[in-house]
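**Student:** coordinates for the following, if possible.
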Amino acid sequence: MAKIEYVLFDMDGLMIDSEKIYSDVTNAILSKYGEEMTWDMKAGCMGKPEREAALHLLSFFPDISLTLEEYLVERNRLQDEAWPTVPLLPGVERLITHLKKHNIPIAVATGSRRRNYDMKTGHLGHVFGLFEGRIPNPDIFLTAAALLGRDVGPLQGDLSSEHVAERARGLVFEDGLPGMQAGKRAGMNVIWVPDSNLLNVTYDGEEIADMILKSIEDFVPEEWCLPPYDE
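**Tutor:** The predicted structure follows:
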């Protein structure tokens with residue numbers, strides 16, 4: 001495996017169990033119309049901006065009397081009630097505290113708006129307070145790496161061999177297909193930790209994750225030249 005010097009984390013569905021809240025809230029709304037979101041539909045929403053994702057979802061239900069604005073208002077209301085209770089996923093706290101203890105640079109790379117980020121993480125400060133940065137889109141992983149002081153080169157244009165090598169020293173943890181693709185396109189190593197349902201969704205992209213894990217609990221740091229966990 002590559003020798004890793006810095007680590008970048010997606011947040012939703014990777015560090016916190018927010019995807020369950022997204023699904024539960026969406027299906028609570030759709031159930032009033034006798035409908036339900038499938039994993040194929042959800043996969044198409046992942047990685048998209050809020051309104052674009054909502055339009056994609058509602059395109060599957062042209063016959064229900066629910067406008068985009070009505071859906072977003074109700075969805076945001078229900079999500080806001082749930083965010084302060086969202087839990088960390090298994091293995092996350094152990095890995096983050098371990099990397100911080102060994103002075104491995106770490107950052108959160110998330111597309112969540114600041115307001116939502118604060119609502120999702122406010123009760124989890126013992127973990128999210130350890131990060132050196134939080135970066136939204138665009139060019140999410142390269143921007144996050146630059147925040148950590150890594151010279152990964154320009155977001156667009158030609159790269160030097162040094163820039164390519166610096167990108168290859170980064171390790172990205174992602175749960176979504178668009179994020180996995182973005183990490184690979186950035187020239188970084190990517191560990192994909194998808195929901196098991198996502199494995200059944202048709203994928204025809206060119207990018208392939210360097211490793212697929214069922215859970216962050218299964219991550220072995222020394223396989224990536226990172227300090228091993230303390231026994």
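**Student:** buried residues, the host helix or strand of Met180. List them.
**Tutor:** Assigning secondary structure by DSSP states H and E places Met180 in helix 177-185. Using 16 or more other CB atoms under 10 Å as the test for burial, helix 177-185 gives 177-184. Glycine gets a C-beta too; all of them are placed from N, C-alpha and C.
**Student:** just stretch 47-66 next, same as before
**Tutor:** Neighbour counts over stretch 47-66 (16+ other CB under 10 Å) mark 47, 53-54, 57-58, 61 as buried.
**Student:** tell me which of these fall in helices.
**Tutor:** Among these, the members found in helices (DSSP state H) are 53-54, 57-58.
**Student:** now the two most distant members of these.
**Tutor:** Greatest spacing in those, by CB to CB: Ala53 and Leu58 (9.8 Å).
**Student:** Glu132 belongs to a strand?
**Tutor:** No. Glu132: not assigned to a strand; according to DSSP: H, G, I helix; E, B strand; the rest coil it is coil.
**Student:** packing partners of the one helix or strand Phe173 maps to?
**Tutor:** Using DSSP H and E, Phe173 maps to strand 170-174. Applying 3 or more CB pairs under 8 Å, 6 or more residues apart in numbering; DSSP states H and E, we find strand 170-174 packed against strand 6-9, helix 140-147, helix 177-185, strand 189-192.
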